[in-house]
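**Student:** Quick one, fold the following:
(one chain, ligands or ions: 2)
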Amino acid sequence: MGEAPAFVVDYLEGNFTNGLHLKSKGCRTSIDIGCDRTYIIGESDEKSIGIQIFDKSTGECVDPIVLGTKPKPTKSHSAILLDEDRILVIKGNTNSDDSFWFLEVNTPFVREQKTRLGAEVVAWSKAVIGEAEKPLVISGPSGVGKGTLISKLMEEFPFMFGFSVSHTTRSPRNNERNGVHYHFTERNKMEKDIDNGKFLEFAAVHGNLYGTSVEAVDVVADKGKRCILDIDVQGARSVRATSLEAIFVFICPPSFEELEKRLRSRGTETEEQIQKRLRNAKAELEQGTSPGLFDHLLVNDDLDKCYEKLKELLNLGHAVKPSHKSDLIHVPMEHTVSKIDEKVLINCGASEQEKSGVNMYVLDLASIKGGAPARTRGLDIYGVESSLNGVIGAQVLN
Ligand SMILES: Nc1ncnc2c1ncn2[C@@H]1O[C@H](COP(=O)(O)OP(=O)(O)OP(=O)(O)O)[C@@H](O)[C@H]1O
Ligand SMILES: Nc1nc2c(ncn2[C@@H]2O[C@H](COP(=O)(O)O)[C@@H](O)[C@H]2O)c(=O)[nH]1
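**Tutor:** Ligands and ions are numbered 1, 2, ... in the order given. Modelled structure (predicted):
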């Protein structure tokens, strides 16, 4: 993070029309992309900011399928085109990390979904300020001890890790609670949600459907925590193909006999289910240990030793709790937005300066990563205290 660059001074002194793509009308903004499309961003329902696409060549307005966790409605927002693929939407009167959202209109993910669904698609991806720790994907055959290792991590580092609560069509075990261990759901409902793009990944495992919803991962990210996904090998492969850059760990048993012993001693499956899980374990072990998919393989022989190795590869000796410095950011109701190269300037006006000493935020997009259906990480932001004569100072905010 550096100081405010000199161009901010030049920019403030003159050239204030450069990069203004914003046509604000109340709480609606419109962004032209190419010659014939206008994306209208506004409040169309009570649940989220609505999106419509106006096709100038046909004169028709289309309601696209909107994927991703959507931003809650706001009384004011601004929007600016970043490139042909994405629009940055900034919510006004927010002082949390809820301010910055990317509306993807033509990223590879959106193009793929357009083909899959045969319809117009846009996707929201919320910005994460700073470099959040990568999510952790843990896979391995049933009974190997994934859940046991995850519980230990969550117990030792409750502020650092959050569990992605999957959906499943299997019945709950005696000790399992809906919404905590899984979201237990009907197959029809889950299939419909899958069709509607609500899942980051899903797979048929041991005769049931399991899946990670986009929301399950977002809920953890919103708490500023590092997300842990306990998913099977097919799911891990699907996640690899998404924008969620994760660390992939495969847990192996010391032997097949020991796996069987653990599965039986857990006492949660019928004999028939145990047989099915053991059959599937052979294929999973083959796929999980072949090169390319997983970053790390751990053998869970002695539980404590395996746990120590897991912590080691996660660098937990040096880990720090992610800070929520983005609380320092307050984008007021009235603000203007413009863009120069990779920097977006949010001018908050003089009244904001009186309150906080900062009247402009600079967003640096150079290091952003990821994107829909998951979060866009790595947004860099600093506040600038400026005058018409030049920059007085810069506040590092993350
Ligand atoms: N290193 C170990 N040594 C002996 N027993 C273990 C070890 N690790 C876990 N176990 C036991 O093995 C059983 C299965 O563990 P666990 O439920 O964590 O497996 P899992 O991989 O999460 O299974 P599933 O994929 O079916 O959810 C549990 O009874 C657990 O206490
Ligand atoms: N692809 C996915 N696999 C998942 C998910 N949640 C759990 N799982 C895997 O299913 C098996 C069986 O789990 P169990 O709780 O019935 O014993 C196990 O390998 C899990 O890792 C998911 O969301 N997606």
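
**Student:** How about the residues of this structure by ligand 2?
**Tutor:** Within the chain, the residues that sit near ligand 2 (CB under 6 Å from any ligand atom) are 142, 146, 166, 170, 201, 203, 205-206, 210-212, 230-232, 234-235. Yep, even glycine has a C-beta here, placed from its N, CA and C like the rest.

**Student:** Show me the residues you listed that map onto strands.
**Tutor:** Mapping these onto strands (DSSP state E) picks out 166, 201, 203, 205, 210-212, 230.

**Student:** pretty sure residue 101 contacts residue 123?
**Tutor:** No: when contacts are counted by CB atoms under 8 Å, residue 101 is not listed as touching residue 123 (10.8 Å).

**Student:** what number of residues lie near residue 302?
**Tutor:** For residue 302, the tally of surrounding residues (other CB atoms under 10 Å) stands at 10.

**Student:** any idea how far ligand 1 is from it?
**Tutor:** Between residue 302 and ligand 1 the distance is 6 Å, computed by CB to the nearest ligand atom, to the nearest Å.

**Student:** Quick check: phi and psi at that residue.
**Tutor:** Dihedral pair for residue 302: phi -80, psi 120, per degrees, to the nearest 10.

**Student:** Which single one of the residues of the chain next to ligand 2 is nearest to residue 383?
**Tutor:** Among the residues of the chain next to ligand 2, residue 212 lies closest to residue 383 (CB to CB), at 35.6 Å.

**Student:** which residues sit in contact with that closest one?
**Tutor:** By CB atoms under 8 Å, 6 or more residues apart in numbering, the contact set of residue 212 is 164, 166-167, 199-202, 229, 231, 235, 239.

**Student:** Give the ranges of residues in the stretch 51-200 of the chain that sit below the confidence cut-off.
**Tutor:** For the stretch 51-200 of the chain, applying pLDDT under 70 flags the ranges 95-96.

**Student:** Going by neighbour count, list what's buried in whichever strand or helix holds residue 257.
**Tutor:** Per DSSP states H and E: residue 257 is located in helix 256-266. Buried residues in helix 256-266, defined by neighbour count with 16 or more other CB atoms under 10 Å: 259-260, 262-263.

**Student:** TSV please, covering the residues you listed and showing distance to ligand 1 and pLDDT.
**Tutor:** Converted to TSV, those look like this (distance: CB to the nearest ligand atom, whole Å; pLDDT from 0 to 100):
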residue	distance to ligand 1	pLDDT
259	9	97
260	11	97
262	3	97
263	7	96
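
**Student:** Farthest pair within those?
**Tutor:** Maximum pairwise distance in the buried residues of helix 256-266, criterion CB to CB, is 7.4 Å, between 260 and 262.

**Student:** what touches both of the two?
**Tutor:** Counting by CB under 8 Å, 6+ apart, the shared contacts of residue 260 and residue 262 are residue 143.

**Student:** So what's the residue count around the residue in the stretch 101-250 of the chain that ligand 2 sits nearest to?
**Tutor:** Nearest residue of the stretch 101-250 of the chain to ligand 2, counting by CB to the nearest ligand atom: residue 235, 2.4 Å away. A count of neighbours around residue 235, defined by other CB under 10 Å, yields 23.
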